[in-house]
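*Asks:* Next comes the sequence, and after it the predicted model I'd like to discuss.
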Amino acid sequence: MELRYNLELGKKIIITTVQKFPRIVEEMDSMADRNFAVVIDEAHSSQSGSSADSLNQALGGEDEEEPEDIQEKILQAMKGRKMSKNASYFAFTATPKPATLEKFGRQGADGKFYPFHLYSMKQAIEEKFILDVLEKYTTYRSYYEVQKSVEENPLFNTSKAQKKLKAFVEASPKTIEVKAKIMVDHFMSSVWQAKKLKGKAKAMVVTRNIECAIRYFFAIRTALHEANAPFKALVAFSGEKIVDGIKHTEDGLNGISARDLPEEFEKDDFRILIVANKYLTGFDQPMLHTMYVDKKLQSVLAVQALSRLNRCNWKLGKTDTFVLDFYNSLDDIKNAFNPFFTSTTLSEPTNVNVLHDLKDSLDDIGIYDWTEVTFFNEKFFANAEADELAPVIDTVVARFDADLDDEERIDFKIKAKQFVKIYAQVAAIVPFNNVNWEMLHWFLKFLIPKLRVKDTDRDKLDELLNSVDLSTYGLERSRLEVKIDLDDSGAELEPQNPNVRAGHFGDGDTDSLDEIVRTFNERHFANWEATPEEQRVKFLNIAKHVIDHADYKGQVEDNPDIQNRKLALERLIQHAVSAERRRELDLYKRYASDTDFKRAFDSTISRILESGQVMNVAPALPPTLPPPPPLGPAGR
């Protein structure tokens with residue numbers, strides 16, 4: 001291994017990733033007679049758990065006889081978690097987590113933990129080392145209506161159902177198509193044609209999951225084609241994903257190798273990168289100027305994601321950035337950034353007593369015996385093969401499945417994951433060793449991945465989505481290029497929650513499907529003063545006028561040319577809205593002045609016409625209307 005070879009050779013400077021250290025832990029036992037300086041970038045993400053343990057073990061291994069006693073082996077593993085005495089650690093991060101401050105910071109006389117040195121985001125912006133990504137922030141607000149598509153009226157958990165419906169609406173292919181067109185139109189007119197970064201500016205689209213990323217890729221690709229754009233989009237995700245019955249990979253969609261994507265994105269041929277999680281943090285591309293966000297961003301993730309834009313590029317004249325956010329409010333983003341704008345401290349050390357409570361709770365559930373934990377560790381620290389370890393784990397998994405009900409399984413798994421997470425964070429910090437904690441930690445790390453739990457609420461909520469249809473969707477720009485001002489005062493973080501977590505069960509508040517749909521529509525039609533039913537009538541009136549127009553059948557319904565059919569439909573909708581301007585003045589003003597509102601409105605009318613809803617509505621518009629102007633060449 002090249003890394004191990006260079007370490008043993010005594011090379012002065014070695015650049016690597018912390019993920020490579022686990023593979024050389026056992027081969028680094030002769031390193032304790034040397035001194036190391038470990039420089040760690042983005043310490044918040046890699047230094048709070050097992051990756052850091054492996055690095056400490058690799059640098060601090062002792063050249064001594066291998067102990068045979070199981071307890072001695074465990075104590076040696078625990079010793080490896082401590083920061084090596086022959087190494088100095090220098091950790092850099094813009095978003096310190098509590099565990100990072102506790103491990104790398106300095107503790108003051110007041111018991112709080114402070115950064116060893118501070119170069120704040122505020123100072124970096126003032127000194128023009130980075131750009132302020134919150135200087136031009138635009139947000140959109142959605143409005144939509146869903147309809148019940150089944151005769152039954154089942155009960156669902158109220159709050160979970162509302163969240164599930166919102167996710168369903170925002171991830172709908174039709175919804176994504178509307179937002180993708182807004183993104184492409186903005187990029188073409190305000191970024192590419194505006195010659196941002198001397199015509200080389202690029203954008204990132206941040207989506208909520210891989211399925212949405214793939215849907216956005218197709219929608220943006222179509223929108224770019226319709227706009228005759230001389231560049232393409234790329235999508236980034238790991239592994240394989242089946243969408244609409246088709247298996248997709250990053251390589252297959254992009255037509256290039258995944259490992260080549262960063263280099264290919266440098267080229268003028270590609271201007272838009274669509275991501276879910278991959279490249280959302282750590283991706284360094286100084287030509288990124290604009291970000292389109294359709295994902296909930298909070299805390300560290302918000303700062304890390306939006307900071308993809310903050311790289312300066314003086315050569316190309318990069319002086320600003322732009323964010324268009326479909327999901328988060330200005331307050332959401334302000335609250336996420338505030339703790340990291342100036343200084344960040346930790347109020348007090350982690351209360352490790354929660355590990356006592358968690359261990360007691362896990363022991364009391366009774367699906368494992370302590371002799372099994374001990375036997376597993378004996379085998380594990382004797383470097384036993386996987387087939388020797390598996391029977392112990394499988395026996396406990398069988399009890400987990402047979403002896404616990406659904407709620408008890410969820411409760412056990414939550415507590416087990418909490419124990420492993422907290423112990424991995426504090427093991428390198430606490431000044432004492434607890435052999436039983438160490439043994440349980442390793443046992444649970446192998447057990448947790450095999451524990452299968454069933455979330456009955458999730459299954460029922462999936463049933464909810466099969467009971468509704470999206471009938472109306474629209475977007476309205478709520479804030480345009482607002483500068484989000486952050487607080488200058490420092491922030492103080494709290495340590496790991498000292499309370500034992502547990503599953504939250506019980507029916508909670510439930511409502512009928514009718515009531516859930518009604519409440520949902522009221523909440524998300526708040527952008528218009530009219531009730532959801534009144535808004536539905538408005539849409540149907542316009543749709544009825546369009547379908548009754550003499551040109552509709554020949555130029556829309558029977559038109560085989562997709563582009564011309566679309567242009568003809570847009571013209572007929574515009575004519576209908578204009579004809580209704582006296583009765584619907586507010587609608588007419590919005591439609592005429594806001595291109596994004598117009599695009600979303602047209603999309604909803606198109607969807608109503610496709611669904612056939614308008615066929616069952618009596619004419620509500622005047623029987624005669626002035627004829628629209630004749631179609632231009634593009635509409636024939």
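*Replies:* Nice, thanks for sending it over. Residues are numbered from 1 along each chain as shown.

*Asks:* hang on, residue 480 is in a helix, isn't it?
*Replies:* No - counting by DSSP: H, G, I helix; E, B strand; the rest coil, one finds residue 480 to be strand, located in no helix.

*Asks:* Spit out the contact partners of the closest residue to it other than its chain neighbours.
*Replies:* Using CB to CB, 6 or more residues apart in numbering and skipping residues adjacent in sequence, the residue nearest residue 480 is residue 138, 5.3 Å away. No exception for glycine: its C-beta is placed from N, CA and C like everyone else's. By CB atoms under 8 Å, 6 or more residues apart in numbering, the contact set of residue 138 is 322, 323, 324, 325, 477, 479, 480, 481, 482.

*Asks:* same thing but 6 Å
*Replies:* 324, 480, 481 (CB atoms under 6 Å, 6 or more residues apart in numbering).

*Asks:* Quick check: the gap between it and residue 305.
*Replies:* Between residue 138 and residue 305 the distance is 16 Å, computed by CB to CB, to the nearest Å.

*Asks:* Likewise for residue 349?
*Replies:* 30 Å.

*Asks:* go on, residue 174?
*Replies:* Taking CB to CB, one finds residue 174 at 26 Å from residue 305.

*Asks:* One more: residue 491?
*Replies:* 19 Å.

*Asks:* Quick check on these two: which one has the bigger neighbour count.
*Replies:* Using other CB atoms under 10 Å, the more surrounded residue of residue 491 and residue 305 is residue 305, with 23 against 13.

*Asks:* what comes up buried for stretch 234-249?
*Replies:* Neighbour counts over stretch 234-249 (16 or more other CB atoms under 10 Å) mark 234, 235, 236, 237, 241, 243, 248 as buried.

*Asks:* I'd guessed the fourth one sits against residue 211; true?
*Replies:* Spelled out, it's residue 237. No - counting by CB atoms under 6 Å, residue 237 does not reach residue 211; the two are 9.5 Å apart.

*Asks:* before we move on, back to that, would you mind listing the two of the buried residues of stretch 234-249 that lie farthest apart?
*Replies:* Pairwise distances across the buried residues of stretch 234-249 peak at 16.9 Å for 234 and 243 (criterion: CB to CB).

*Asks:* Domain parsing of this structure, as residue ranges.
*Replies:* According to automatic domain parsing, the chain comprises the domains 2-92, 137-345+471-496, 528-635.

*Asks:* Comparing these, which yields the minimum mean pLDDT?
*Replies:* With a mean of 58, domain 2-92 has the lowest mean pLDDT of the domains of the chain.

*Asks:* Give me the residue at the spatial middle of this structure.
*Replies:* Geometric centre of the chain, nearest residue: residue 208, 5.0 Å, by CA atoms, centre = their mean.

*Asks:* Not counting sequence-adjacent ones, nearest residue to that one?
*Replies:* residue 295 (4.5 Å).

*Asks:* residue contacts, the one you found?
*Replies:* Residue 295 touches 206, 207, 208, 327, counting by CB under 6 Å, 6+ apart.

*Asks:* now swap in residue 276 and tell me
*Replies:* So residue 276 contacts 207, 209, 210, 213, 237 (CB under 6 Å, 6+ apart).

*Asks:* From these, keep the buried residues only.
*Replies:* Counted by 16+ other CB under 10 Å, the contacts of residue 276 give 207, 210, 213, 237 as buried.

*Asks:* Inside helices: which ones of those residues?
*Replies:* Applying DSSP state H to those, the entries found in helices are 210, 213.

*Asks:* From the buried ones among the contacts of residue 276, pick the one nearest residue 422.
*Replies:* Residue 422 lies nearest to residue 210 out of the buried ones among the contacts of residue 276, by CB to CB, at 29.6 Å.

*Asks:* which residues of the stretch 401-550 of the chain fall in helices?
*Replies:* 406-426, 435-447, 456-465, 513-524, 532-548 (DSSP state H, counting those that start in this stretch).

*Asks:* Please apply the same query to the stretch 251-400 of the chain.
*Replies:* Under DSSP H, counting those that start in this stretch, the stretch 251-400 of the chain gives helices at 261-265, 299-306, 330-337, 353-365, 370-381, 386-403.

*Asks:* quick revisit: from the contacts of residue 295, which single one is nearest residue 391?
*Replies:* Nearest to residue 391 among the contacts of residue 295, with distances taken as CB to CB, is residue 208, at 40.4 Å.

*Asks:* What's the PyMOL line that selects buried ones from the contacts of residue 138?
*Replies:* Buried residues within the contacts of residue 138, by 16+ other CB under 10 Å, are selected in PyMOL with:
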select buried, resi 324
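
*Asks:* Give me the distance between the residue nearest to the centre of the chain and residue 90.
*Replies:* Taking CB to CB, one finds residue 208 at 36 Å from residue 90.

*Asks:* now swap in residue 168 and tell me
*Replies:* Taking CB to CB, one finds residue 168 at 47 Å from residue 90.

*Asks:* Who has more neighbours out of those two?
*Replies:* Taking neighbours as other CB under 10 Å, residue 168 and residue 90 compare with residue 168 leading, 16 against 13.

*Asks:* pLDDT averaged over the helix or strand containing residue 101 - what is it?
*Replies:* Assigned by DSSP states H and E, residue 101 belongs to helix 98-104. Helix 98-104 shows a mean pLDDT of 79.

*Asks:* next SSE after it?
*Replies:* Helix 98-104 is succeeded, C-terminally, by strand 106-107 (DSSP H and E).

*Asks:* so what strands line up beside that next one?
*Replies:* For strand 106-107, the paired strands and their directions (DSSP bridges) are strand 113-114 (antiparallel).

*Asks:* Which is the succeeding secondary structure element to the partner strand?
*Replies:* helix 121-126.

*Asks:* List the contacts of that next one.
*Replies:* 130, 132, 341, 342.

*Asks:* Could you pull out the buried residues of it?
*Replies:* So, applying 16+ other CB under 10 Å, buried residues of helix 121-126: 121, 122, 125.

*Asks:* how far away is residue 550 from residue 572?
*Replies:* Residue 550 is 10 Å from residue 572, by CB to CB.

*Asks:* ok, the two, which is more surrounded?
*Replies:* Ranked by neighbour count (other CB under 10 Å), residue 550 and residue 572 place residue 572 first, with 25 against 9.

*Asks:* Can you mark which positions in the strand or helix carrying that one are buried?
*Replies:* Following DSSP H and E, the helix or strand that holds residue 572 is helix 562-579. For helix 562-579, burial by neighbour count (16+ other CB under 10 Å) applies to 564-577, 579.
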